[in-house]
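Student: the following block contains a protein sequence and its predicted model.
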Amino acid sequence: MANDRLRTTLAASGYTEGALASELGLDSKSVQRWVTRDITPRRSTAYAAAKLLGVAASWLWPKLNEDARNASKSEIVTLYPRRADTPNHLWRDLLANAQDEIWLFANASLFLPEENPESIDILARKAEQGATVRIMMGDPDSSEMALRGVEERLYDAIPARIRMALTYYAPLVGIDGVAFRLHRASLYNSIFRYDDHMLVNQHIYGTYGYLAPILHLRRLEGADFFDTYVRSFERVWESSCPIEDSDFWQQRQVSTGTGRSVS
């Protein structure tokens, strides 16, 4: 069966099968099969082709939507009812095995160094070995973190926990390969990425973080579940502030004698 949508789109766009194949770095017979035999290309190739043709990939190849839904379900490794139920070794093993991307996004992430004291040294070593380490924690001086304390019924404890956590993480500030920022976002989920694995703490209003569920994902080609959280992380990252520029860090530098007071 031919793919008439692709055939007519090609004709309207002015592309020949050969010209489109050349733009995509493919053999012309590959594009010919897409047209004459209704073959669906790989997801990344399909999106690249659709962008060149100026239409939606899912309109040219409806099967992409079904494939993405099935693949996204397969990205779920497991679900823990509470963060407290996750094996402690899982956090340690994922961190130790990560090579390229390590992202930590939460308000405090205090449980990580408390339960795995070696994690700070591991993060520093991973950055030294070439991994990209990106850390986002809540700004303890912000009204948003004070509100989070009210919502979790911890009140002043949330800003206090963030300050305590920042004491643990402070040695990572300024290390090559470590980007450290403070955010003021409403924390819907804490996101911990270790290369193609991700642990997502799904927060619940009025419930402590350690009692909220943890979703363990593993990234798969053609799926979108994992990447949904990647996009969320990136959105918050754009609006966050480098820790070195924050009032908290400036005050800390003064109090520890490593900075200058400002009149």
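Tutor: Good, I have the coordinates.
Student: would you map the strands across this protein?
Tutor: For the chain, the strands defined by DSSP state E occupy 76-80, 101-105, 132-138, 178-183, 189-194, 197-202, 214-218, 241-242.
Student: now do the buried residues in the third one.
Tutor: Buried positions in strand 132-138, judged by neighbour count with 16 or more other Cβ atoms under 10 Å: 133-138. To be clear about C-beta, it is placed using only N, CA and C from the backbone, and glycine gets the same treatment.
Student: just give me the closest of those to residue 226.
Tutor: For these, the residue nearest residue 226 by Cβ to Cβ is residue 134; the value is 16.0 Å.
Student: tell me what the closest one is bridged to.
Tutor: Following DSSP bridges, residue 134 is listed with bridge partners residue 103, residue 179.
Student: how about residue 192?
Tutor: residue 104, residue 199.
Student: residue numbering should commence at 796 henceforth.
Tutor: Noted, 796 is the first residue going forward, which turns the last one into residue 987.
Student: my guess is it meets residue 993, correct?
Tutor: Yes. With contact defined as Cβ atoms under 8 Å, residue 987 and residue 993 form a contacting pair (6.7 Å).
Student: got the domain ranges for the protein?
Tutor: According to automatic domain parsing, the chain comprises the domains 799-856, 871-1050.
Student: now the ones you listed as JSON lines including mean pLDDT?
Tutor: Shown next, in JSON lines, are these (pLDDT from 0 to 100):
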{"stretch": "domain 799-856", "mean pLDDT": "92"}
{"stretch": "domain 871-1050", "mean pLDDT": "94"}
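Student: ok, the nearest residue to residue 811 once chain neighbours are set aside to residue 816 distance?
Tutor: Nearest residue to residue 811, sequence neighbours excluded (Cβ to Cβ, 6 or more residues apart in numbering): residue 805, at 7.2 Å. Residue 805 sits 11 Å away from residue 816, going by Cβ to Cβ, to the nearest Å.
Student: what do you get for residue 914?
Tutor: From residue 914 over to residue 816 (counting by Cβ to Cβ), the distance is 48 Å.
Student: got the contact list for the nearest residue to residue 1022 once chain neighbours are set aside?
Tutor: Of all residues not flanking residue 1022 in the chain, residue 1014 sits nearest, at 7.5 Å (Cβ to Cβ, 6+ apart). Each residue near residue 1014 by Cβ atoms under 8 Å, 6 or more residues apart in numbering is listed here: 870, 991-993, 1021-1022.
Student: buried set for the longest helix seen in the chain?
Tutor: When the chain is parsed with DSSP state H, its longest helix is helix 1020-1034. Within helix 1020-1034, the residues scored as buried using 16+ other Cβ under 10 Å are 1020-1021, 1024-1025, 1027-1028, 1031-1032.
Student: still on that earlier bit, make a markdown table out of the buried residues of strand 927-933 and add distance to residue 958.
Tutor: Formatted as a markdown table, the buried residues of strand 927-933 follow (distance: Cβ to Cβ, whole Å):
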| residue | distance to residue 958 |
| --- | --- |
| 928 | 21 |
| 929 | 21 |
| 930 | 15 |
| 931 | 16 |
| 932 | 10 |
| 933 | 10 |
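Student: closest one of those residues to residue 855?
Tutor: Taking the buried residues of strand 927-933 together and measuring to residue 855 by Cβ to Cβ, the closest member is residue 929, at 35.2 Å.
Student: tell me the two of the contacts of residue 1014 that are most distant?
Tutor: The two members of the contacts of residue 1014 with the most space between them (Cβ to Cβ) are 992 and 1022, at 13.6 Å.
Student: picking that back up, the longest helix of the chain vs strand 927-933, what angle?
Tutor: Calculated by axes from the mean of the first three to the mean of the last three Cα atoms, to 10 degrees, helix 1020-1034 forms an angle of 70 degrees with strand 927-933.
Student: so what's the spatially most central residue of the chain closest to, chain neighbours aside?
Tutor: For the chain, the residue nearest the mean C-alpha position is residue 1025 (3.0 Å; Cα atoms, centre = their mean). Leaving aside its sequence neighbours, residue 1025 sits nearest to residue 988 (Cβ to Cβ, 6+ apart; 7.5 Å).
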